[in-house]
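Colleague: Mind folding the following:
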Amino acid sequence: MTMKNKEVRQSIAMVILLTIGFMLIAGCSSSSGGYEGSAFYYQQPQFVHCADSQVKICEQYGSKMICECLDEKEAKRLLNPAFF
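Modeller: Residues are numbered from 1 along each chain as shown. The predicted structure is shown next:
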C-alpha cells in the first residue's frame with residue numbers, strides 16, 4: 001500500500017511540473033513577433049515625446065526605430081563630427 005501512495009504522489013508531482021512547464025512555454029511564445037510588449041515598444045517615434053529643452057534622437061536598429069530624448073547640449077556633443 002505504501003508503494004502505491006508513493007507512485008500516486010510522484011504522478012501528481014509530474015503532472016504539476018509538466019503543467020508549469022507548458023504554462024511557461026505558452027507565455028514565452030505568445031509574443032506576436034514584433035516588439036510589442038518588449039522594452040523597446042514604447043521607444044518608437046510615435047510614443048517618444050520630449051520636453052521643450054530636449055531633442056528627440058532616433059536610431060535604426062535592424063528593422064526597428066528606437067528613439068530617446070536628450071538635452072540639447074548632449075545631442076550637440078553626440079552629433080559633433082569631432083566626437084567620432
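Colleague: Work out for me the element the residue nearest to the spatial centre of the chain sits within.
Modeller: Note on the chain: the residue nearest the mean C-alpha position is Ser38, at 2.8 Å, using Cα atoms, centre = their mean. Per DSSP states H and E: Ser38 is located in neither a helix nor a strand.
Colleague: Let me know the pLDDT of Leu24.
Modeller: Leu24 carries a pLDDT value of 73.
Colleague: One more: Ser32?
Modeller: pLDDT recorded at Ser32 is 52.
Colleague: cool, His49 as well?
Modeller: Reported pLDDT for His49: 92.
Colleague: mind listing the strands for this protein?
Modeller: 54-61, 64-71 (DSSP state E).
Colleague: just to revisit the earlier point, how much space separates the residue nearest to the centre of the chain from Lys64?
Modeller: 9 Å (Cβ to Cβ, to the nearest Å). In this view, the C-beta of every residue, glycine as well, is placed from N, C-alpha and C.
Colleague: again, but for Asp71
Modeller: If you measure Asp71 against Lys64 using Cβ to Cβ, the figure is 24 Å.
Colleague: Same check on Ile12?
Modeller: Counting by Cβ to Cβ - Ile12 and Lys64 are separated by 45 Å.
Colleague: What's the end-to-end length of stretch 23-43?
Modeller: End-to-end distance for stretch 23-43, by Cα to Cα, to the nearest Å: 29 Å.
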